[in-house]
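*Asks:* Fold the following for me, if possible:
(one chain, ligands or ions: 3)
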Amino acid sequence: MTATTAEKKKVFVETFGCQMNKSDSEHMLGLLDEIGYEPTPDIKGADLMILNTCAIREGAEDKVYSYLGAWRGYKEARPGSLIAVGGCVAQDAGEAMRKRAPYVDLVFGTHNLHRLPELVMKASSGEPVVEIYQELPEDLPETPVHRLNDISAWVSIIYGCDYNCTYCIVPYVRGREKSRSPQSIFEEVKSLAESGYKEVTLLGQNVTAYGHDLEPKLHLGDLLRQLAVPELEAIKRLRFLTGHPRDLNVEIIDAVRDLPQACEYFHIPIQAGDDRTLRRMARGYNVDFYRRKVDEIRSRIPDAAITTDLIVGFPGESEEEFMNTVRLVEEICFDVANTAAYSPRQHTPSANWDGQVPEAEKYERLRYLNTVVGDVSHRLNKRLLGRKVEILVEGRSDRGMNRLMGRTRTNKIVNFEGPDALIGQLVDVEVTAANPWALRGALKVGLTV
Ligand code: SAH
Ligand code: SF4
Ligand code: F3S
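*Replies:* Ligands and ions are numbered 1, 2, ... in the order given. Modelled structure (predicted):
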């Protein structure tokens, strides 16, 4: 029996990290709905506070403990309220998290989300709970979801990562790759289509590896084709995140080219533009291999956006090797590059290597790379000036009272003036201004709604 609004308890969720984590938080809310919790944006009025954590860099992990310090005050001010910590830091720390923050009532990991209702009920009885699974269960149940966006939805299609990049903690906290069945993905997308969603982003740490572990085997190109069918025509846009260059094959690129729903946007992290660094990162490709992937995309889909992730200051990276990364950004012309200073992570081999680059040097490289990345993005965005682009309107812009915000198929943010009635619609706008991170646009009169 579901509780009425008056009886419902309130849950506040704070999410750090990648889209997988954001999607997981929506599943936590869905699961908690079943035991009478509704989301609140007000942490001070929450009966349950959940911190969904990210361990990718030290800074993200430090943030967890500083947030928890503040949350302790909210808990004391509201007797009976509970603090729960999930996600990648919790998966790694387990019991150790309660040693450092003993006022935490529940610690759960990335492989036992589905157990959340039971664990919260147990913690409510006053007994602290720590439960971490080492892997996802074989017979992983489908979990309910409470989505925080009603236009664009995330759908996880593959969990975990089978690579072992020498800097990365993800395989340790997210386990082995495990693809979802195409049938269950189809059912989820169908229910999204029926509920009025317009865009679906297929998620995985390594989404381009989708299906290699299924029987019969399948690849992401097949899955895209299965989702681009008349039965799901309400879904106007399909995206996928995040890819690995090694697994990005021509079949996937051709599916994006052929299917009107599949957006011309490829996020393929290269991490470094230097062969020796890539080898020591154990990425499994060299710069030339990556160049060929980019050529394969651009020869088939000339207007495709290509975005990437880059790490600077990997142990042993010389100034010259770093400059190879800078030169590659200029050469490839990435639409967007997310950059980060290397952060040594526990359980990863490179954390203990000689040749750690001093912090000040890493940040100097990062600052320099960011100016180049910004210039390149700006140049590419300016090429769109005067062009008509199709955008999916996502909501009000935080840039001004009358502005709406939407994204192009290539995932560029566009702010423009228009009425609320356009939210959730596909509209054409003309690009009138461009900065490195976003575009301004004007509605094309007569082309709206
Ligand atoms: N699966 C994706 C990336 C997932 S992690 C891939 O293979 O490319 C997201 C990004 O975090 C990575 O692309 C990388 O750029 C960054 N990252 C991961 N570990 C890091 C570390 N130890 N220090 C700094 N950045 C890191
Ligand atoms: Fe981390 Fe590498 Fe896996 Fe990406 S492919 S999640 S960088 S180990
Ligand atoms: Fe962070 Fe975990 Fe995602 S470490 S980047 S939240 S998979």
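*Asks:* how far out from the middle of the chain is the helix or strand containing Ile253?
*Replies:* Ile253 is part of helix 250-258, with elements assigned from DSSP states H and E. Here helix 250-258 is found 22 Å from its chain centre; the criterion is Cα atoms, centre = their mean, to the nearest Å.
*Asks:* wait, what's in contact with the residue of the stretch 201-350 of the chain found nearest ligand 2?
*Replies:* Of all residues in the stretch 201-350 of the chain, Gln205 sits closest to ligand 2, at 4.4 Å by Cβ to the nearest ligand atom. (Glycine included, C-beta is placed from N, CA and C.) Residues in contact with Gln205 (Cβ atoms under 8 Å, 6 or more residues apart in numbering) are 18, 20, 158-161, 170, 174, 242.
*Asks:* Just name the closest of those residues to Gly94, please.
*Replies:* Nearest to Gly94, judged by Cβ to Cβ, of the contacts of Gln205 is Arg174 at 15.1 Å.
*Asks:* Test for you: state the pLDDT assigned to the closest one.
*Replies:* Per-residue pLDDT puts Arg174 at 97.
*Asks:* Apart from its chain neighbours, what residue comes closest to it?
*Replies:* Gly160 (4.8 Å; Cβ to Cβ, 6 or more residues apart in numbering).
*Asks:* cool, and Arg440?
*Replies:* Arg440's closest residue in space is Ala433 (Cβ to Cβ, 6+ apart), at 3.8 Å.
*Asks:* any idea of the mean pLDDT in the helix ranked longest in the chain?
*Replies:* Longest helix in the chain, counting residues (DSSP state H): helix 359-382. Averaged across helix 359-382, the pLDDT comes to 98.
*Asks:* quick one on the thing from earlier: among the contacts of Gln205, which one sits closest to Pro358?
*Replies:* Using Cβ to Cβ, those come closest to Pro358 at Val170, 25.7 Å.
*Asks:* Which residues of the stretch 301-449 of the chain lie near ligand 1?
*Replies:* 309, 311, 340, 342-343, 345 (Cβ under 6 Å from any ligand atom).
*Asks:* same deal with the stretch 1-150 of the chain?
*Replies:* 56-57.
*Asks:* Recalculate using a threshold of 5 Å.
*Replies:* Within the stretch 1-150 of the chain, the positions adjacent to ligand 1 are Ile56 by Cβ under 5 Å from any ligand atom.
*Asks:* Would you map the strands across the stretch 1-150 of the chain?
*Replies:* 9-15, 37-39, 48-53, 82-86, 106-108, 129-131 (DSSP state E, counting those that start in this stretch).
*Asks:* which of the contacts of Gln205 come close to ligand 3?
*Replies:* Answer for the contacts of Gln205 near ligand 3 (Cβ under 5 Å from any ligand atom): Cys18.
*Asks:* Mark which of the contacts of Gln205 are part of strands, please.
*Replies:* 158-159 (DSSP state E).
*Asks:* So how do I select the buried members of the contacts of Gln205 in ChimeraX?
*Replies:* To isolate in ChimeraX the members of the contacts of Gln205 that are buried, counting by 16 or more other Cβ atoms under 10 Å, one can use:
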select :18,20,158,159,160,161,170,174,242
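*Asks:* Which secondary structure state is assigned to the residue in the stretch 201-350 of the chain that ligand 3 sits nearest to?
*Replies:* As assessed by Cβ to the nearest ligand atom, ligand 3 sits closest to Gln205 within the stretch 201-350 of the chain, at 6.0 Å. Following DSSP: H, G, I helix; E, B strand; the rest coil, the label given to Gln205 is coil.
*Asks:* From ligand 1, how far off is it?
*Replies:* 4 Å (Cβ to the nearest ligand atom, to the nearest Å).
*Asks:* next one: Ser397
*Replies:* Taken as Cβ to the nearest ligand atom, the span from Ser397 to ligand 1 is 27 Å.
*Asks:* sec struct for Ala337, please.
*Replies:* Assigned with three-state DSSP, Ala337 falls in the strand class.
*Asks:* for Val389, same thing?
*Replies:* strand.
*Asks:* Now do the contacts for the residue of the stretch 1-150 of the chain found nearest ligand 3.
*Replies:* The minimum distance from the stretch 1-150 of the chain to ligand 3, using Cβ to the nearest ligand atom, falls at Gly17 (2.7 Å). By Cβ under 8 Å, 6+ apart, the residues touching Gly17 are 52-54, 56, 60, 87-88.
*Asks:* Between the residues you listed, which sits nearest ligand 1?
*Replies:* Ile56 (5.0 Å).
*Asks:* Report how many residues lie close to the closest one.
*Replies:* As a burial measure, Ile56 scores 21 neighbours (other Cβ atoms under 10 Å).
*Asks:* likewise Gly424?
*Replies:* 18.
*Asks:* ok, it - contacts?
*Replies:* Going by Cβ under 8 Å, 6+ apart, Gly424 touches 150-151, 196, 198, 392-393.
*Asks:* if we can go back for a sec, pretty sure the residue nearest to Arg440 sits in a strand.
*Replies:* Yes: assessed by three-state DSSP, Ala433 belongs to a strand.
*Asks:* Make TSV out of the contacts of Gly17 and add distance to Asp105 and pLDDT.
*Replies:* As requested, those are exported to TSV (distance: Cβ to Cβ, whole Å; pLDDT from 0 to 100):
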residue	distance to Asp105	pLDDT
Asn52	15	98
Thr53	15	98
Cys54	21	98
Ile56	25	98
Ala60	22	96
Gly87	16	98
Cys88	19	98
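*Asks:* For those residues, please prepare a markdown table with the additional fields distance to Leu223.
*Replies:* Formatted as a markdown table, these follow (distance: Cβ to Cβ, whole Å):
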| residue | distance to Leu223 |
| --- | --- |
| Asn52 | 26 |
| Thr53 | 30 |
| Cys54 | 27 |
| Ile56 | 26 |
| Ala60 | 30 |
| Gly87 | 26 |
| Cys88 | 26 |
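*Asks:* filter those down to the ones near ligand 3?
*Replies:* Among the contacts of Gly17, proximity to ligand 3 is found for 54, 56, 88 (Cβ under 5 Å from any ligand atom).
*Asks:* Counting only helices, which of these make the cut?
*Replies:* Members of the ones next to ligand 3 among the contacts of Gly17 lying in helices (criterion: DSSP H): Cys88.
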